[in-house]
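Student: fold the following for me, if possible:
(2 chains)
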Amino acid sequence: AQSVTQLGSHVSVSEGALVLLRCNYSSSVPPYLFWYVQYPNQGLQLLLKYTSAATLVKGINGFEAEFKKSETSFHLTKPSAHMSDAAEYFCAVSGGYQKVTFGTGTKLQVIP
Amino acid sequence: DVKVTQSSRYLVKRTGEKVFLECVQDMDHENMFWYRQDPGLGLRLIYFSYDVKMKEKGDIPEGYSVSREKKERFSLILESASTNQTSMYLCASSLIRRGRGDGELFFGEGSRLTVL
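Tutor: Sure thing, here's the model as predicted:
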């Protein structure tokens, strides 16, 4: 069984401030972990993924995430928020099979 | 450029109607998925398929069926639409290899279905 918990359905940050979106996972096997972003009226696109090669993963648009096995976490960060980062972000887990389980999403608001 | 195309962006149907949602991908991916997205619930997997004519139930298959007659096309069918099936439906495809789960999902733009 696998699951994802995203803490905070809405997060607001000021432009230029640190972005931190939290994700905790549960998996009975070593997981593959993903962050996807969804802009309004669009489908989801991949930001980054963890596949056991390195615990710190860098993605597109300056985002990165760190896999912490002891905390079962995969939090997404960006040092400096930009207005264009306003979107909904989804954490997802896959346990070595085709099925990918998504979290409930976090909407990021960036305040000018 | 990879592309997943969903046939309708917006549909309005009446309770009891049969509804077809079509999805086509041009990436020669083996795996295709149907999710529904609802506010506060995230994405929930309805069905997926890892080969032509193969299908597997996801987390919420009740009230839905699927068809995959060709590799590039995956259809979601609502046999008798109900108001609780009003939602955003997202199709995705991937190259996830069997026994591995590290492949990227490529999504269509979604089909917003309203059932009256």
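Student: and the residue lying closest to B:Arg14 once chain neighbours are set aside, what pLDDT?
Tutor: In space, B:Arg14 comes closest to B:Leu116 once its chain neighbours are excluded; the distance is 5.5 Å by C-beta to C-beta, 6 or more residues apart in numbering or on different chains. Placement of C-beta: from N, CA and C, glycine included. For B:Leu116, the pLDDT comes out at 96.
Student: same check, this time on B:Arg100
Tutor: On pLDDT, B:Arg100 comes in at 65.
Student: quick one on the thing from earlier: burial count for the residue nearest to B:Arg14?
Tutor: Neighbour count of B:Leu116, defined by other C-beta atoms under 10 Å in any protein chain shown: 10.
Student: wait, what's in contact with it?
Tutor: Counting by C-beta atoms under 8 Å, 6 or more residues apart in numbering or on different chains, B:Leu116 touches B:12-15, B:83.
Student: counting neighbours, which of those comes out on top?
Tutor: Among the contacts of B:Leu116, B:Lys13 has the most neighbours (other C-beta under 10 Å), with 16 neighbours.
Student: now it: how far from B:Val115?
Tutor: From B:Lys13 over to B:Val115 the distance is 5 Å, taken as C-beta to C-beta, to the nearest Å.
Student: check B:Gly40 too.
Tutor: To B:Val115, B:Gly40 is 19 Å away according to C-beta to C-beta.
Student: when these two are compared, which one has more neighbours?
Tutor: Neighbour comparison, B:Gly40 and B:Val115: the larger count goes to B:Val115, with 19 against 7 (by other C-beta under 10 Å).
Student: near chain A, anything from whichever strand or helix holds B:Arg36?
Tutor: Assigned by DSSP states H and E, B:Arg36 falls within strand B:31-38. Yes. Applying C-beta under 8 Å from any C-beta of the partner chain, one finds that strand B:31-38 is in contact with chain A at B:31, B:33, B:35.
Student: from the residues you listed, which is closest to chain A?
Tutor: Of all those, chain A sits closest to B:Asn31, with 5.4 Å by C-beta to the nearest C-beta.
Student: the closest one: how many residues sit nearby?
Tutor: For B:Asn31, using other C-beta under 10 Å, the count is 22.
Student: beta partners of it?
Tutor: B:Ser94 (DSSP bridges).
Student: grab the most central residue of chain B for me.
Tutor: Central residue of chain B (C-alpha atoms, centre = their mean): B:Trp34, 2.4 Å from the mean position.
Student: that one against B:Cys23, yeah?
Tutor: Yes. If you go by C-beta atoms under 8 Å, B:Trp34 and B:Cys23 touch, sitting 7.4 Å apart.
Student: up against chain B, what does chain A have?
Tutor: A:6, A:9, A:31-32, A:34, A:36, A:41-46, A:49, A:51, A:90, A:94-105.
Student: buried members of the residues you listed into PyMOL, please.
Tutor: Applying 16 or more other C-beta atoms under 10 Å in any protein chain shown to the residues of chain A next to chain B, the buried members can be selected in PyMOL as follows:
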select buried, chain A and resi 6+31+32+34+36+43+44+46+49+51+90+94+95+96+98+99+100+101+102+103+104+105
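Student: strand B:31-38 and the strand or helix carrying B:Met88, what's the angle between them?
Tutor: Element membership for B:Met88 (DSSP H and E) is strand B:87-94. If you take axes from the mean of the first three to the mean of the last three C-alpha atoms, to 10 degrees, strand B:87-94 sits at 160 degrees to strand B:31-38.
Student: and strand B:87-94, how far from the chain's centre?
Tutor: Distance of strand B:87-94 from the chain centroid (C-alpha atoms, centre = their mean, to the nearest Å) equals 5 Å.
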